[in-house]
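J.: Next comes the sequence, and after it the predicted model I'd like to discuss.
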Amino acid sequence: MADDSYKGYRGEALSTLKNFDALVWSDVEIKTANGKYIGIILPRSETADPNHIVLKLRSGYNVGIAARKIEDIQINGRNEAHYKIPEKAFPYDPKKPNVKLLGTGGTIASRLDYRTGAVIPAFTPGELYGSVPELADICNLDTEKLYGVFSENMGPEQWIGTAQAIGREIEKGIQGIVIGHGTDTMHHTAAILSFMVQNSPVPIVMVGSQRSSDRPSSDAALNLQHSVKTAAESDIAEIMVCMFGPTSDIYGLLHRGTRVRKMHSSYRSTFRTIGDIPIAMVSTEKIIPIRQDYKRRRSDKNVVINTAFEEQVSIVYYYPNMKPDIIDSLIDNNYKGIVIAGTGLGHVNKPLYPSLKRAKEKGIAVYMTVQTLWGYVQMYVYDTGRDMMELGVIPGANMLPEVGYMKLGWALGQTNDLEKVREIMMTPIAGEITERETSNGYLIFQGGIPEVEEFISKYRK
């Protein structure tokens, strides 16, 4: 029979806790063959393994300790935690701008239920004020939960619904919009919203967090402050992603929605602008534009919401020895468009040529991007590229592969006329195609080289 004093524990871990009379939420010092650990015994997720005891250390980080290695547990007290997020009425100030936070499921401010492993979101204005009281110094904040999905489950239904919600808020006269979103596919959503929502008179800022709010290194609160400040005060009326700039908490960056990509699985500074430079830097004190070619905030309510989207579009990452059945399967399943992330300047192998020709004959729109991410498709340089263009493959300039996928789905949602689709695809809408790649739009420093180490040592925190 399960004992609530040992929430989630079972097997060897449960036996060890009972042996030392150590209950969940006990403040303990655990002695192991590898050393001592001081902290609070946390509940386990009910689906977790039965061999480890989880301790929240004084530093705020969690550590799993193998039960078989524990030699002694000294108990110094017990203080059971409560999961309820502190809530205070969000103060209203008529002198401050009004900002709307739309939630799609990202846990930008949250607490973790260690018993179930579930994240408890802080989302109402009162909860957010209780968690990040600094928000009240910036604006009057209202919230609306649109969806509650992990970002990998975002799709046309959520993209369309989010775009429509943005339109409604602008029509009401909101002065800035923040969209809470999981980081894994935030750049995909930023891209499609850049096409579905055009000519916005106010800032639209997407934000997430790489690390949960229970961790000392969480970026959630600061990202939220930066994004809300941008929505409330910035004159940049575009779809943007707002996340950490460096790994430290000095400032955030505002990235254009069609030129941004998640580039690291866990760094707080995971998002970067590709082939260009970010729009601005943002801190809790100020917003500093680092380019001037952005669309400015306006006082009207005019916005174009166009949510047409063709779902039968795919993105294919080319690899050596790819077989033609990959393309054939898309043709046979009635796909209307294919975006290829090709090698080098935009290449695939010759065995794919008959399938590409078949795609052309079936009226399927096929566009080429580069898997290098930086740089342009250049299909005139080698015979391979010229051959593919004769087979109907259209160079996608320097659109990022994911952006090309989103734009092709949106373009095919407007028309089945492939010439009109091509016109839409190759006409820049939101910076997805640039005339040239700036000299500082591609900077990758190789660590270990003396001059690079000397340079980055000035900024490493």
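T.: Looks like it arrived, so ask away.

J.: Any stretches of the stretch 351-461 of the chain with poor pLDDT?
T.: Applying pLDDT under 70 to the stretch 351-461 of the chain flags residues 460-461.

J.: Ok, the stretch 201-350 of the chain next?
T.: For the stretch 201-350 of the chain, counting by pLDDT under 70, the residues that fall below are 212-217.

J.: same deal with the stretch 51-200 of the chain?
T.: Residues of the stretch 51-200 of the chain meeting the criterion pLDDT under 70: 80-87, 106-123.

J.: Swap in 80 and give it another go.
T.: Per-residue confidence for the stretch 51-200 of the chain (pLDDT under 80) gives these ranges: 59-61, 79-88, 105-131.

J.: now the helices: where do they sit in it?
T.: Using DSSP state H, counting those that start in this stretch, the helices of the stretch 51-200 of the chain run over residues 125-131, 156-172, 186-196.

J.: would you list those in TSV and tack on distance to residue 267 and mean neighbour count?
T.: (Glycine included, C-beta is placed from N, CA and C.) Formatted as TSV, the helices of the stretch 51-200 of the chain follow (distance: least, C-beta to C-beta, whole Å; neighbours: other C-beta atoms under 10 Å):
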stretch	distance to residue 267	mean neighbour count
helix 125-131	23	21
helix 156-172	26	18
helix 186-196	14	27
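
J.: Please tabulate these in JSON lines and include distance to residue 218 as additional columns.
T.: Formatted as JSON lines, the entries for the helices of the stretch 51-200 of the chain read as follows, by distance: least, C-beta to C-beta, whole Å:
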{"stretch": "helix 125-131", "distance to residue 218": "11"}
{"stretch": "helix 156-172", "distance to residue 218": "25"}
{"stretch": "helix 186-196", "distance to residue 218": "17"}
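
J.: so which of those gets nearest residue 336?
T.: For the helices of the stretch 51-200 of the chain, proximity to residue 336 was assessed by C-beta to C-beta; helix 156-172 is nearest, at 13.6 Å.

J.: List the contacts of that closest one.
T.: Residues from elsewhere that reach helix 156-172 (C-beta atoms under 8 Å, 6 or more residues apart in numbering): 100, 102, 104, 144, 146-147, 149, 177, 179, 189, 192-193, 196-197, 200-202, 204, 301, 303, 305, 307, 309, 311, 409.

J.: Now list the buried members of these.
T.: By neighbour count, with 16 or more other C-beta atoms under 10 Å, those hold 100, 102, 104, 146-147, 177, 179, 189, 192-193, 196-197, 200-202, 204, 303, 305, 307, 309, 409 as buried.

J.: what's near enough to touch the spatially most central residue of the chain?
T.: To find the centre residue of the chain, average its C-alpha atoms and take the closest one (C-alpha atoms, centre = their mean): that gives residue 183, at 2.2 Å. Residues in contact with residue 183, defined by C-beta under 8 Å, 6+ apart, are 106, 151, 208, 209, 210, 243, 262, 270, 271.

J.: same deal with residue 24?
T.: By C-beta under 8 Å, 6+ apart, the contact set of residue 24 is 5, 6, 7, 8, 9, 17, 41, 42, 43, 80.

J.: One more: residue 302?
T.: By C-beta under 8 Å, 6+ apart, the residues touching residue 302 are 199, 201.

J.: Spell out which residues make up each domain of the protein.
T.: 4-78, 98-305, 313-426 (automatic domain parsing).

J.: Tell me which of those domains lies nearest to residue 451.
T.: With C-beta to C-beta as the measure, domain 98-305 is the member of the domains of the chain nearest residue 451 (19.6 Å).

J.: hmm, back to that, looking at the domains of the chain, which is closest to residue 450?
T.: Each of the domains of the chain was checked against residue 450 via C-beta to C-beta, and the shortest separation belongs to domain 98-305, namely 21.5 Å.

J.: can you give me the offset of that closest one from its chain's centre?
T.: 9 Å (C-alpha atoms, centre = their mean, to the nearest Å).

J.: So which residues of the stretch 1-150 of the chain form strands?
T.: With strands called from DSSP state E, counting those that start in this stretch, the stretch 1-150 of the chain shows them at 26-32, 35-41, 52-57, 62-66, 70-78, 98-103, 110-112, 119-121, 140-145.

J.: in the fifth one, what counts as buried?
T.: Of the residues in strand 70-78, those scored as buried under the neighbour-count criterion (16+ other C-beta under 10 Å) are 70, 73.

J.: So which of the domains of the chain is nearest residue 453?
T.: Shortest separation from residue 453 across the domains of the chain is recorded for domain 98-305, at 16.3 Å, computed as C-beta to C-beta.

J.: what's the span of the closest one from first residue to last?
T.: The distance separating the two terminal residues of domain 98-305, taken as C-alpha to C-alpha, to the nearest Å, comes to 21 Å.

J.: what does stretch 296-313 give?
T.: Using C-alpha to C-alpha, the end-to-end distance of stretch 296-313 comes out at 33 Å.

J.: Just give the closest residue to residue 79, not the sequence neighbours.
T.: residue 25 (6.1 Å; C-beta to C-beta, 6 or more residues apart in numbering).

J.: Assess the claim that the one you found and residue 55 are in contact.
T.: No - if you go by C-beta atoms under 8 Å, residue 25 and residue 55 don't touch, sitting 11.4 Å apart.

J.: Kindly point out which residues are neighbours of both of those two.
T.: Overlap of the contact sets of residue 25 and residue 55 (by C-beta under 8 Å, 6+ apart) consists of 40, 41, 42.

J.: Bridge partners for residue 342, pull those for me.
T.: residue 370 (DSSP bridges).

J.: Tell me how far it lies from residue 382.
T.: 12 Å (C-beta to C-beta, to the nearest Å).

J.: Comparing these two, which shows the higher neighbour count?
T.: residue 342 (26 against 14; other C-beta atoms under 10 Å).

J.: wait, isn't the more buried one in contact with residue 377?
T.: Yes - proximity of residue 342 to residue 377 meets the contact threshold set by C-beta under 8 Å, at 7.5 Å.

J.: Identify the contacts common to those two.
T.: Here residue 342 and residue 377 have 368, 369, 370 as joint contacts, going by C-beta under 8 Å, 6+ apart.

J.: Now, of the residues you listed, which are buried?
T.: Under a neighbour-count criterion of 16+ other C-beta under 10 Å, the subset of the shared contacts of residue 342 and residue 377 counted as buried comprises 368, 369, 370.

J.: TSV for the residues you listed, including distance to residue 252?
T.: Supplementary listing: those in TSV, determined by distance: C-beta to C-beta, whole Å:
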residue	distance to residue 252
368	34
369	28
370	28
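
J.: I figured residue 240 hits residue 206, correct?
T.: Yes - counting by C-beta under 8 Å, residue 206 is a contact partner of residue 240 at 6.8 Å.
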